[in-house]
Every structure is written in C-alpha cells, then in structure tokens.
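> fold the following, please.
(one chain, ligands or ions: 1)
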Amino acid sequence: MKTMKLKWIKSLWGDLVHVIFPNICLACNKLPKAKGAHFCVDCIHLMPYTDHFFIPQNDVTQHLKGRVTIKHGAALLRFREGGIVQQMLHQFKYKKQRAIGEVLGEIAGHKMVESTLFEAPDVIIPVPLYYKKKLLRGYNQCKVFGDAIGQVAGVRCDDSILLKHKETTSQTGKSRTERIKNVSDCFTVAKPGDLAGRKVLIVDDVVTTGATIEACCLILQNHGVSHISVLAIAATDS
Ligand SMILES: [Zn+2]
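Predicted coordinates for the structure are as follows:
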C-alpha cells in the first residue's frame, strides 16, 4: 500500500514538473533540457539503446519466435519497470508530449535505414488505437512514432488500413493463449486492396508479450502482404 502511494506521488510529481518547469528533461524529470532538445545531455547519452537493428535474434524477434514469421523486428530502447523509458512513454502517451515520439521516431528511422536486416517497406502501419482512446489522448502514439520514421525513410505511415474496432480488456493475469484470443478479434482491415503483395512495417510503442503484434501480423498476413517487419520504441527482455 505504502509503495503504491509512493509510486502515485512520484508519478504525480513527474506530471507536474513539466508544467512548473517547462525546461526540464522529459525523460528524467530532473535536469534542464539540452539546447534545442527535449532531453538533457545525460539522458541523450545514457538512453538504453538496443543493438536490435544489427542482430537477427533479439528481444523483439524472440517475443514473436514460433508464432508469426517476420522479416525483422527491433526496438529502439530497452524497457525497464520504473526506468527512464517508462517515464518518457508515460509523458508521450498520457501527457500530450508528442515531441518525444517524434524524436524517437527520427532516431529509429535512421537506424532502420542503416540496418541491412530491414528491407525498405512499401507502407508503415501503426498499431491502431480504439477511437475513444484516441479522442482522449489526442493522437495515436504509434502513428506519431510511425510518421517520424516515415519522414526519414520516405515511406507513408497509414493509419486507415488497420483499425481497432473494440477495446481490449486488461491483459493482466491472462495466459499467452488468452492474451492472443483477447486481442485477435479487435482488429479489422479497412482497406484489404491496399495490402496484397506489399512489404509492411508495423510500428508499436512497447513490445512486452508480443500478443498485440502477433494479432496484427496474423490479420495482415491473411490479406496477402508479402512480408512484415516490426519496429517498436521499446521492448522488455525476452
Ligand atoms: Zn534527463
């Protein structure tokens, strides 16, 4: 109980600090931002970047291994409970700090273009958000991230192809099979004609169990895509 209260106070402070001190780093909530940046110099250098762009078998590919076939998968950052990546994603998803996704998408886009494991996609598809959630947040965070990647790679990020038509119930406490079942009937392809033979890049915020990505891959594969790659902001250890 005490820990929960402490966590709540910490999270509340994290939200308030940017209102009171608009020049504070969006990742650590402590140091001033570097000139012209959204993060402080420490965070820019200490960000837990992965080597996924250059390693065929990594946390993202392992999360999906034996479940769906993908060309390549990568996350830009390593996700740790209570770490700076979690803090950043909280600001990005719930506090309208969309610049975080734009900056991370630009970095991820450059790494993807440099990587020989990724093949240039024809279209970028963000993991969709149920419309009520999108209205509440003001944007789909995956679309913001995907748009920034698309700008670097010269590829369109299209959020009108794959839609989420109902809200997923909480995944907590569910087995892997239950998680897949829970998400698999939430997605619809709105433009089936746009997928046949296309090379698709799915973009997501955090890959944890891989259940959401798996459901997206399955529905896109059923519509005849040529191959799928996956790029996320962060991933937990596999
Ligand atoms: Zn910082």
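> only C-alpha atoms for contact and neighbour calcs from this point on.
Will do.
> contact residues of the chain facing the ion?
Proximity of the chain to the ion, by CA under 5 Å from the ion, involves residues 25, 27, 28, 40, 43.
> next one: phi and psi at the third one?
Dihedral angles of residue 28 (phi, psi; degrees, to the nearest 10) stand at phi -100, psi -10.
> how close does the residue nearest the centre of the chain get to residue 34?
Of all residues in the chain, the one closest to the mean position by CA atoms, centre = their mean is residue 205, 1.5 Å from it. In this structure, residue 205 lies at 24 Å from residue 34, with CA to CA, to the nearest Å as the measure.
> returning to what we had before: what mean pLDDT would you report for the helix or strand encompassing the residue nearest to the centre of the chain?
For residue 205, the element it lies in under DSSP states H and E is strand 199-207. Per-residue pLDDT values over strand 199-207 give a mean of 97.
> same question for stretch 60-76.
In this model, stretch 60-76 has a mean pLDDT of 96.
> give me the distance from it to the chain's centre.
For stretch 60-76, the separation from the chain centroid amounts to 14 Å (computed by CA atoms, centre = their mean, to the nearest Å).
> end to end, how far does that stretch reach?
Using CA to CA, the end-to-end distance of stretch 60-76 comes out at 10 Å.
> quick one: buried residues of that stretch?
Within stretch 60-76, the residues scored as buried using 16 or more other CA atoms under 10 Å are 60, 61, 63, 64, 69, 70, 71, 72, 73, 74, 75, 76.
> including secondary structure and distance to residue 144, could the residues you listed go into a markdown table?
Formatted as a markdown table, these follow (DSSP: H, G, I helix; E, B strand; the rest coil; distance: CA to CA, whole Å):
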| residue | secondary structure | distance to residue 144 |
| --- | --- | --- |
| 60 | helix | 20 |
| 61 | helix | 23 |
| 63 | helix | 24 |
| 64 | helix | 24 |
| 69 | coil | 26 |
| 70 | coil | 23 |
| 71 | coil | 23 |
| 72 | coil | 21 |
| 73 | strand | 19 |
| 74 | strand | 17 |
| 75 | strand | 16 |
| 76 | strand | 15 |
